[in-house]
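**Q** Sharing a model prediction with you, sequence too.
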Amino acid sequence: MARFVTRRLVGMVVVLFAISVLVFLIFNVIPGGDPGKRICGKNCNNALLTQINKDWGFNDSLPVQYVTMMKKVFTGELVSYSSQLNVDQQIKKGIPITFSLCIGAAVIWMAFAIVFGYLSAVKAGGFTDRALTILALVGISMPVFFLGAILLLYLTSKIQLFPTAGYVSLTSDPVQWAYHLFLPWITLAVLFVGFYSRVLRSNMLDVMNEDYVRTARAKGLSERQVRIHHVLRNSMIPVITLFGLDFGAVIGGGAIITESIFSLNGVGQYAADAITNVDLPPIMGVTLFGAFFIVFFNALVDITYAWLDPRIRLGTEAR
Amino acid sequence: MATDPWAPPYADPTLPGEVEQDTGIPPAPAGVPVEGRSPWYLAYRRLRRNRVALFFGALFIVIVLFCLAAPLWAHLVAHTGPDTNHLTEKIDINGQPTDVVNVDGIPIGPGLHGKFLLGADANGRDVMVRLMYGGRTSIFIGVMAAFVTTILAVIFGILAAYYRGWTDAVISRAMDVIWAFPVLLLGIALGTALSVSGSGLVLGPIHIADDSIWIPILIIGFVYVPYMARPIRGEVLALREKEFVEAAIAQGAGTMRIMFSEILPNLVSTIIVFFTLNIANNMLLESALSFLGAGVRPPHSSWGSMVSDGYEFLYSAPHLTIIPGLMIVLTVLSLNVFGDGLRDALDPRAKVRLEAAALEESH
């Protein structure tokens, strides 16, 4: 186990390094423009540009530039030149909101995906299955901003059921917190409900043909028991793997549009504002934050898996 | 790992030649010589029976035709261009002259008048005309980006799987790094870095201006490469061990010939399915990027950027958000359903398995 963890952590560090290089390439090296001008932002002037070129060392060799950039990110010196705000602090400020949004949405999407996927698989080919398949496809085909806009228009304005925007922190008022986050949760969850219910459905259809399911039936277990304890449980493994990856991705930047539609001042909204203002340092910071979080979360998922399932860690070590 | 978490939710692609079940054709009567039927014909027969998929395929074609008809509508009916402002004009509605954009800055909504059939936007531009022209941009980006993705993914997938060893290691690790980013975030990072005024992209001798439509195309095409290269690599890994490759080697065929004229044709059914679904994903990503301001840039406009422009009037002029948004949903949905049907037709194993399971259930 210790060997597996070490290997996985080393792998994680390598990927993190590669990611930071890719981000560096995107912002500093892509041919076609002056990186200083890109970072400078909207209110650029010559003095600021000279300052930036000196700070970021754009006249140095590429490896030196890379080190300069990473130093800025890790020591918390990354500053937006248009707003004069520190990027790391702004990201830290947004994290509680982003986490509230993503964790709530994740609970909703898993719950609905399991129910829909289960119903769809059990009634495969029937009316329920077809209706749920179409619903899932609609969910997958719906741009997040469109769904959010429709919900806002009809449920906060035409029928005033929910508050339009804003965030109430969990510690100050849990009920208001959930009430304010309800529509954002739904908006973020719909895509994943569609996708996961279909994955679960096809997994369950596969598992239903397994020998151990036949054995379970032959033992005389009730159909319900077979479906829940044998079919559903075994079909959940790939779904949970997927969940680990997607949850990391949602926190690491997948919620940008949801946050900006519902004016939740999280990390995503920060990135969305930066795009509007063509302000590159925050985008650089958020991109790195997002990618780091995803890689870290994936490593965590893998390690948990290895801990739960010895075949994985033994399989990897045998290779 | 026991299961590959990244395996697409589809069944493993089947070579068309191996298909025996579910041909959709009754067995030939005895005594009549059996005619050979190509796998493509069989797939076509299966697709033809899938009414829902055909309906949505037709819907997509209708949407494309609708967008192609943009100049006709603009010249013959609306008598205005997509970027022409009518801020100060009045039009006749039920015999009453009405401001295109009223004093509060609220544009007129949809109504049965040739000009401004779907209303006007905040600049007094005809939404119908803009919708048709914007759809051209959206669909063009979706299709072109799908070509970029497909070409890169096929080349990298085949190279990695055929040569294996360090070629595979380099390609696969590079793909993993791109994969570690959420698609939207990587698109935003590239979109903002490339579209800052006066920057743009230089690819060897080609210079792409910062407001060119090719910037979002290349970004979206690039971002999705790993999602397609990985399954292709997996398929080629299996194909390269097949007898026909051995036979080609024995005949003295070179590596290029084996890769591109022996292996590639066997990938066509997978590529077709991925290509269709890829267009749908590309259009979604394009609309998201444009909505955030990191995609299509003025003077171009797409359905995503139309929503982005109209979103601030969500409560006063909701048609500016709903109309282009609905077009995105319809187009993406039609591609997704049709792509699903294509997959069932070209990869019948998934369907057969499904029906077997359903049969078992009904007992």
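**A** In hand now; what should we look at? Residues are numbered from 1 along each chain as shown, chains lettered A, B, ... in the order given.

**Q** in the stretch 151-300 of chain B, which spans are strands?
**A** Applying DSSP state E, counting those that start in this stretch to the stretch 151-300 of chain B gives strands spanning B:201-203, B:206-208.

**Q** Okay, buried residues for the first one please.
**A** Looking back up the chat, that one is strand B:201-203. residue B:201 (16 or more other Cβ atoms under 10 Å in any protein chain shown). Backbone N, C-alpha and C define where each C-beta goes, glycine included.

**Q** So which elements touch it?
**A** strand B:206-208 (3 or more Cβ pairs under 8 Å, 6 or more residues apart in numbering or on different chains; DSSP states H and E).

**Q** quick one: strands adjacent to the strand it packs on?
**A** strand B:201-203 (antiparallel) (DSSP bridges).

**Q** what about the strand it pairs with, distance to the chain center?
**A** The chain centroid and the centroid of strand B:201-203 are separated by 24 Å under Cα atoms, centre = their mean, to the nearest Å.

**Q** and it, average pLDDT?
**A** Here strand B:201-203 scores 72 as its mean pLDDT.

**Q** how about low-confidence regions in the stretch 151-300 of chain A?
**A** Applying pLDDT under 70 to the stretch 151-300 of chain A picks out residues A:165.

**Q** got it, and the stretch 101-250 of chain B?
**A** B:103, B:105, B:112-114, B:196-200, B:204.

**Q** tell me which parts of it are close to chain A?
**A** Residues of the stretch 101-250 of chain B lying close to chain A by Cβ under 8 Å from any Cβ of the partner chain are B:173, B:176-178, B:180-182, B:184-186, B:188-194, B:196-203, B:207-208, B:210.

**Q** what residues are up against the residue nearest the centre of chain A?
**A** Nearest residue to the geometric centre of chain A (Cα atoms, centre = their mean): residue A:250, 1.4 Å. Neighbour list for residue A:250: A:102, A:105, A:106, A:188, B:182 [criterion: Cβ atoms under 8 Å, 6 or more residues apart in numbering or on different chains].

**Q** same check, this time on residue A:204
**A** By Cβ under 8 Å, 6+ apart, the contact set of residue A:204 is A:117, A:118, A:121, A:122, A:231, A:232, A:235.

**Q** Identify the residue nearest residue B:266 in space, chain neighbours excluded?
**A** For residue B:266, ignoring the flanking residues on the chain, the nearest one in space by Cβ to Cβ, 6 or more residues apart in numbering or on different chains is residue B:239 at 5.6 Å.

**Q** Burial check on residue 270, number of neighbours?
**A** Because you didn't say which chain, this covers chain A. By the criterion of other Cβ atoms under 10 Å in any protein chain shown, residue A:270 has 26 neighbours.

**Q** that's the wrong chain, I wanted chain B
**A** For residue B:270, the neighbour count with other Cβ under 10 Å is 24.

**Q** got it, and the one 3 residues further on?
**A** Close neighbours of residue B:273, defined as other Cβ under 10 Å, add up to 22.

**Q** Enumerate every residue touching it.
**A** Residue B:273 neighbours (Cβ under 8 Å, 6+ apart): B:10, B:339, B:342, B:343, B:346, B:347.

**Q** Relative to chain A, how far out is it?
**A** Plainly put, residue B:273 is 15 Å away from chain A if you go by Cβ to the nearest Cβ, to the nearest Å.

**Q** Need the per-residue pLDDT for that residue.
**A** Looking at residue B:273, the pLDDT reads 88.

**Q** again, but for residue A:316
**A** 49.

**Q** picking that back up, of the residues of the stretch 101-250 of chain B next to chain A, keep whichever come out buried.
**A** The neighbour count (16+ other Cβ under 10 Å) marks B:176-178, B:180-182, B:184-186, B:188-194, B:196, B:199-201, B:208, B:210 as buried among those.

**Q** Quick check: helices, which of these are part of them?
**A** B:176-178, B:180, B:184-186, B:188-194 (DSSP state H).

**Q** Among those residues, which one sits closest to chain A?
**A** Closest approach between these and chain A, by Cβ to the nearest Cβ: residue B:185, at 3.6 Å.

**Q** Can you tell me the closest non-neighbouring residue to that closest one?
**A** Leaving aside its sequence neighbours, residue B:185 sits nearest to residue A:253 (Cβ to Cβ, 6+ apart; 3.6 Å).
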